[in-house]
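**Q** give me a 3D structure for the following:
(chains A, B and C)
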Amino acid sequence: MQAGSGPKVRIGLEVHCQLTALKTKLFCPCSSDYRASEPNEKICPVCFGLPGTLPVLNAKAVECATMIGLALNCTVANRSLFYRKNYFYPDLPKGFQISQYDKAGGVAIASSGSVEVEGKRVRITRIQLEEDPGKLTYEGTIDKSSYSLVDYNRAGIALVEIVTEPDIGDAREAKMFLERLRSTIESLGVSNGELDGAMRCDANISLAGGARVEVKNISSFKEVEKALNYEILRQRTFSGNATSETRHWDERRSITIALRSKEEEQDYRYFPEPDLRPIVMEPSAIAAVRKAMPEVADTKASRYVNDFGLSSQLAKELAANKDLSAFFEACARLHDGYQEMAGLMVGELSANATAAARVVPPVEFVGLVRMVESSSITRAQGKEALREALRTGRAVAEVVRSKKLSAVVDEQAIAAVIERVVSSSPGALEQALGDKKAFSYLVGQVLKAEPKAQPGIVAKLLAQRLRES
Amino acid sequence: MDIHQVERLADLSRLSLRPQEAERMRGELSSILSYFATLDKADVSKGPAPRETPHDGVLRDDLVRPSKPEEILEGVPQRKGRYVKAPKVF
Amino acid sequence: MSAEEYIWSIFDRIERLDSKIHAYLQLDREGALAKAKELDRRAKKGERLGRLAGLGVAVKDNICVRSLQATCGSKILEGFHPPYSATVIRRIELEDGIILGKANMDEFAMGNTTQSSAYGPTLNPWDHARVPGGSSGGSAAAVAAGMASVALGSDTGGSVRCPASFCSVVGLKPTYGRVSRYGLIPYANSLEQIGPIGRDAESVSLLFNAIAGHDPEDATSAREPVKSASVGDIRGMKVGMVKEFFGEGIHPKVKSKVMDGCSQLEALGAHIGETSVDSLPYSLAVYYIIAMAEASSNLSRYDGVRYGRPPATGAADWNAAFAKTRSEGFGEEVKRRILMGTFVLSAGYYEAYYVRAQKVRALLTHEFARAFKKFDVLLGPTMPVLPPRLGEKVTPLEDYLIDINTVAANLTGFPAISIPCGLVERLPVGMQLIGARFREDLLLRVASIFGSEVGYRSPPPTGAA
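**A** The predicted model follows:
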């Protein structure tokens, strides 16, 4: 699905993100740690919706939402209001959701921001605080069951809803945007996007100014790309304009299905929540949050490019990984081979940098890097040593010793290997003349024959050989 | 107010009205609405902003208070284990 | 007299009178007597007792008392036993007050006669053929008939002051935010307050001071420190008679009785003046729009699934079951207000009704604030009529109209009190005073001084007028 082939696609996203860093729910002091709990264990009269109970706002939630707003370049409101969104559903204990609204006098906590993803600017319409409903399940399958089962553990959990303008042009861009959003939010320390259900997404898609279709029930970011691609294709092949409707992503069958029209008739009868006062964030309070908040991935990446001379690609990858970037900065205090260190750790330690750092602490990592830089081992051998160290828990220097890892730097020996390779593939030499790809291929072939050869030396000698021929 | 509006309101608020009930409501709601129309004469142009908060809101620290779920579950009319049983949504 | 003897005597009186009057929906005889015994034991040991020690309190049935049923006068909450107590109840218990039981009320506090209770009406102790007022009719009747020392009611549009006026007792609606609403099952959140009812200003004052004050469980709770009822006289106090409160709709004998009361205040040293609040004619429409809107949302949670009445059988789908439960569990008036409230919040009407009403409300508040620059308290009759007869056929709108003098205090948040002003045709008349924010102390002072002048008269035991 290439953007630009066919009518212009406009995608807007509505992301719901749980503030998993909070210890309690949004409006009551119940523990927010519900994932490992029995059903209806983390409940109290307030989040269960018992008559006569009142919501009281979690101060930390305001701080978190403000940070997200600032990180997405939004304007944070000095005063924002909570509104009631009225509708009936078994998982909604009060018969309304306490949320925010940005029409009819309503003001959300932050608005008018933007995020740049691979050169494309995606505008953020608004960011609002709201509560999660409970969870509905069934005994067996939904069709066979004659009743539903409700668990209110999740009811009242703090959510931040992030809404974008329809600036996204295709499914891939959407996925990139979501990844950027997740890494930004994680680097702020307000949410762990990996937790089940912590980040959910709905999408709005329209083709060339046609009707807007809302796609709900997308359970993960992986599914977002699939769902959007499907829906774009569906709308393109659909004769006539798509009708403005809400559709539901069926993960099992990988299609979107139209929901029955009842959805459109929803009138939520928004009005200001009378049990809560406006959220007040004076300019000084906003400034204090800005000062105290952790550095966001983009800012960090720019800093890595400026201060350490890292390539922008490497800087981005490093900055997106909170634990790895901490590891990098620790190493950077010990040694100035920044690019080499960054490249090596991004390749080998990304998965779980904290665990890795226990096996290969910065001092030992730097030691290994120095070995590579001085050509006593090749980079490939360095990687091998790291992997072995992580696998066995042994010190990396010890692995190098015991495996007798050492680079072959003897130019005569390498030249001999080059000769062997060149003679076994006639014509390869001619191809390599002037063709970078073929040249690299030849270098690769030499390294395959002699893995311990220092790649820099191979390239030098091979280039020499080419000039001679 | 016409009967369709009353039916729509009943639907929105999950109340089921018998036809005579609905008709009676229609009459009563209409007369109440006429009374509300007296507000049209009020001049709100020069008034102060609504809901001037006389005092700041109360906030809560992010501290856990242990739950007492059994007390709440005791009052649930129909349960399946720890789940609350509810009619299915069609 | 020991606490136990005192509480016994109250229950004795309840036994004799309440089968007729029906002020109570539920009694906690065992709990109350146990508490009384405990108090006597502590007193004997010379321990210090709370400010409400030994007082028997009737609690309106929309205020949660742990383990006692809370029905709000409705069938839909039959069987609901809250696992927690309202903040005001905890405070009363801390001061050694004794909860006697739950008092009857209009269903979900929607009404001014207590006739819409799903459990039957309450009779006015002064005349059993008449209503005690509402929605806190049970609370006021219990106090008036000596079946409680004091009572708690709730006041959304006059629901403490109206029955206080009709039963010749003192009823106070505190400043909005003065008393915690945690544990008050809401009708209209931005308008209501829990209020004390008593036979005299002293007992009301006592109860008020025990329950008032900031509560971290209520986000609308004020932090202002509570002023104790000040001792003193009312010499020089500036009292403003509000012209609109004495308008055409007021029963002429009620009007003249309250004006007599005004003269009595003057004789006691107050300076009487006159003032006008221009937007008052709109207050009733504004009140009902806002109250019904909030109510329609507040009552959405009654689905019979998590507490109270179990869901209706025979309806397999959630929406149908829900509609059936609600239609069977709610009375006529409640349904009417839910429908009207839904209407004024619905798309296309929200701006014209709800938003507009809030703007007029702000205007009204502004006008009252201006009046308080010239006067300490504002005055008028609490109710425009004498207590109506039970079963009198009126249209809903005619019924709403008798709230005409009381709703303004709820809309603006100012405190207001109703004090007994005498009898007309042997029926009680109440005088209403409205004060500046957090000046309940002034209202109670006037009530105290006026009360010693006019005095309280026990109703005839048979209640025959």
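**Q** distance of residue C:19 from residue A:146?
**A** 45 Å (C-beta to C-beta, to the nearest Å). (Each C-beta comes from the backbone N, C-alpha and C, glycine too.)
**Q** so which residues on the stretch 351-465 of chain C come close to chain A?
**A** Residues of the stretch 351-465 of chain C lying near chain A by C-beta under 8 Å from any C-beta of the partner chain: C:351, C:354, C:355.
**Q** which of those tops the neighbour count?
**A** residue C:354 (24 neighbours; other C-beta atoms under 10 Å in any protein chain shown).
**Q** now for that one: which residues touch it?
**A** Contact partners of residue C:354, counting by C-beta atoms under 8 Å, 6 or more residues apart in numbering or on different chains, are A:271, C:289, C:290, C:293, C:344, C:345.
**Q** now do 10 Å
**A** A:104, A:269, A:271-272, C:289-290, C:292-294, C:341, C:343-346 (C-beta atoms under 10 Å, 6 or more residues apart in numbering or on different chains).
**Q** for residue C:287, same thing?
**A** Counting by C-beta under 10 Å, 6+ apart, residue C:287 touches C:156-158, C:188, C:191, C:357, C:361, C:364, C:400, C:403-404, C:406-408, C:410-411.
**Q** with distance to chain B, pLDDT and neighbour count added, can I get the contacts of residue C:354 in JSON lines?
**A** Below are those laid out as JSON lines (distance: C-beta to the nearest C-beta, whole Å; pLDDT from 0 to 100; neighbours: other C-beta atoms under 10 Å in any protein chain shown):
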{"residue": "A:104", "distance to chain B": "12", "pLDDT": "77", "neighbour count": "14"}
{"residue": "A:269", "distance to chain B": "8", "pLDDT": "96", "neighbour count": "27"}
{"residue": "A:271", "distance to chain B": "11", "pLDDT": "96", "neighbour count": "27"}
{"residue": "A:272", "distance to chain B": "7", "pLDDT": "96", "neighbour count": "19"}
{"residue": "C:289", "distance to chain B": "6", "pLDDT": "98", "neighbour count": "26"}
{"residue": "C:290", "distance to chain B": "11", "pLDDT": "98", "neighbour count": "27"}
{"residue": "C:292", "distance to chain B": "9", "pLDDT": "98", "neighbour count": "26"}
{"residue": "C:293", "distance to chain B": "12", "pLDDT": "98", "neighbour count": "28"}
{"residue": "C:294", "distance to chain B": "13", "pLDDT": "98", "neighbour count": "25"}
{"residue": "C:341", "distance to chain B": "8", "pLDDT": "98", "neighbour count": "29"}
{"residue": "C:343", "distance to chain B": "6", "pLDDT": "97", "neighbour count": "29"}
{"residue": "C:344", "distance to chain B": "8", "pLDDT": "97", "neighbour count": "24"}
{"residue": "C:345", "distance to chain B": "9", "pLDDT": "97", "neighbour count": "25"}
{"residue": "C:346", "distance to chain B": "7", "pLDDT": "96", "neighbour count": "22"}
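**Q** mind listing which of the residues you listed are in helices?
**A** Among those, the residues falling in helices (DSSP state H) are C:289, C:290, C:292, C:293, C:294, C:341, C:343, C:344, C:345.
**Q** ok so, going back, closest one to residue B:30 out of the contacts of residue C:287, please.
**A** residue C:400 (14.5 Å; C-beta to C-beta).
**Q** that closest one reaches residue C:284, doesn't it?
**A** Yes - using C-beta atoms under 10 Å, residue C:400 is in contact with residue C:284, at 6.6 Å.
**Q** so for the two, which sits in the more crowded spot?
**A** Neighbour count, other C-beta under 10 Å: between residue C:400 and residue C:284, residue C:284 has more, with 24 against 20.
**Q** quick check: pLDDT value at the more buried one.
**A** With respect to pLDDT, residue C:284 has a value of 97.
**Q** what about it, which helix or strand?
**A** If you go by DSSP states H and E, residue C:284 is part of helix C:283-298.
**Q** please save the CA atoms from that helix in CSV.
**A** Extracted in CSV, the C-alpha atoms of helix C:283-298 (Å, rounded to 0.1, in the frame of the first residue of the first chain):
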residue,chain,number,x,y,z
SER,C,283,-34.9,31.4,39.8
LEU,C,284,-37.5,28.6,39.7
ALA,C,285,-36.9,27.9,36.0
VAL,C,286,-33.1,28.0,36.5
TYR,C,287,-33.4,25.7,39.5
TYR,C,288,-35.4,23.0,37.8
ILE,C,289,-33.3,23.0,34.6
ILE,C,290,-30.1,22.6,36.5
ALA,C,291,-31.5,20.2,39.1
MET,C,292,-33.2,17.9,36.6
ALA,C,293,-30.1,17.9,34.4
GLU,C,294,-27.9,16.8,37.2
ALA,C,295,-30.5,14.3,38.5
SER,C,296,-30.9,12.6,35.1
SER,C,297,-27.2,11.8,35.2
ASN,C,298,-27.0,11.0,38.9
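**Q** okay, now the spatially closest residue to residue C:117 that is not a sequence neighbour: neighbour count?
**A** Spatially, and ignoring its direct neighbours in sequence, residue C:117 is nearest to residue C:73 (4.0 Å; C-beta to C-beta, 6 or more residues apart in numbering or on different chains). By the measure other C-beta under 10 Å, the count of residues near residue C:73 is 32.
**Q** quick one: residue C:73 from residue C:84, how far?
**A** For residue C:73 relative to residue C:84 (C-beta to C-beta), the value is 20 Å.
**Q** with residue A:195 instead?
**A** Note on residue A:195: its distance to residue C:84, by C-beta to C-beta, is 31 Å.
**Q** between those two, which one's more packed in?
**A** Shown here are residue A:195 and residue C:84; by other C-beta under 10 Å, residue C:84 has more neighbours (22 against 11).
**Q** just the helices in chain B please.
**A** With DSSP H, the ranges of helices along chain B come out as B:3-12, B:19-36, B:69-74.
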